[in-house]
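Asks: Fold the following and give me the result.
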Amino acid sequence: MLRTIQAYNEFVLTNSFVVNNFEAFFYNLLAFHKQKIYQDEAEVRLLFNNDFTKLHEDRGIQDLNSKMQFCTYRELALEDCRWNKFESKDYQKIAKRIFPYVSIDSVIFGYRLSEQTKYEIMRALEPHLETYENKPNFVDSALAKYFNAPK
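Replies: Model prediction:
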């Protein structure tokens, strides 16, 4: 990622040409990047963006990841029928095409997680899942068979 940004910056300096919304375009493409080790996991990745110009106004939520590095994410409402909030049927019809309906079919546990940790995760999620119509399945990553996974 860093090399791509550096290459773009060099391109801009060399050619005096700036790609409009490069940052927004680039980050949207990154959402679909996948490392080879995870290629057998067939998940659906949803990218939802109302407008590229709004990306610069709203940077999302900042937090620390497990490696104590800053990361940014956006919360996406699960099983939220936003279109029902509009009184007008015309607005509901338009909003239904714009706002995605998102649900989680399965949660894949990383191959390094112990059984105790998996149990604690499922227990912690239980109250949140009570309101969901479609409850996700909890499955172990297929990578566990290739690595020494804890028991």
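Asks: Check which element follows the least confident helix or strand in the chain by mean pLDDT along the chain.
Replies: Lowest on mean pLDDT, DSSP states H and E among the helices and strands of the chain sits helix 52-57, with a mean of 44. Once helix 52-57 ends, the next helix or strand along the chain (criterion: DSSP states H and E) is strand 61-64.
Asks: element containing the nearest residue to Asn84 once chain neighbours are set aside, please.
Replies: Sequence neighbours aside, Gln92 is the residue nearest to Asn84 in space, at 6.8 Å (criterion: C-beta to C-beta, 6 or more residues apart in numbering). In short, each C-beta sits where N, CA and C put it, glycine included. Counting by DSSP H and E, the element that carries Gln92 is helix 89-98.
Asks: what's the average pLDDT for that helix?
Replies: For helix 89-98, the mean pLDDT works out to 80.
Asks: ok, which stretches of this protein are strands?
Replies: Assignment of strands within the chain using DSSP state E yields the ranges 61-64, 70-73, 106-109, 137-140.
Asks: Can you list the helices and strands that the last one packs against?
Replies: Put plainly, it is strand 137-140. With contacts taken as 3 or more C-beta pairs under 8 Å, 6 or more residues apart in numbering; DSSP states H and E, strand 137-140 sits against strand 106-109, helix 115-129.
Asks: do the first one as well
Replies: Helices and strands in packing contact with strand 61-64 are listed as strand 70-73; criterion 3+ C-beta pairs under 8 Å, 6+ apart.
Asks: Each with direction, which strands does the strand it packs on pair with?
Replies: Pairing partners of strand 70-73, with direction, according to DSSP bridges: strand 61-64 (antiparallel).
Asks: Buried ones in the strand it pairs with, by neighbour count?
Replies: For strand 61-64, the neighbour count (16 or more other C-beta atoms under 10 Å) marks no residue as buried.
Asks: what mean pLDDT does that strand have?
Replies: Mean predicted lDDT for strand 61-64 stands at 79.
Asks: cool, and stretch 11-30?
Replies: The average of the pLDDT scores along stretch 11-30 is 82.
Asks: chain center to that stretch, what's the gap?
Replies: Distance of stretch 11-30 from the chain centroid (C-alpha atoms, centre = their mean, to the nearest Å) equals 22 Å.
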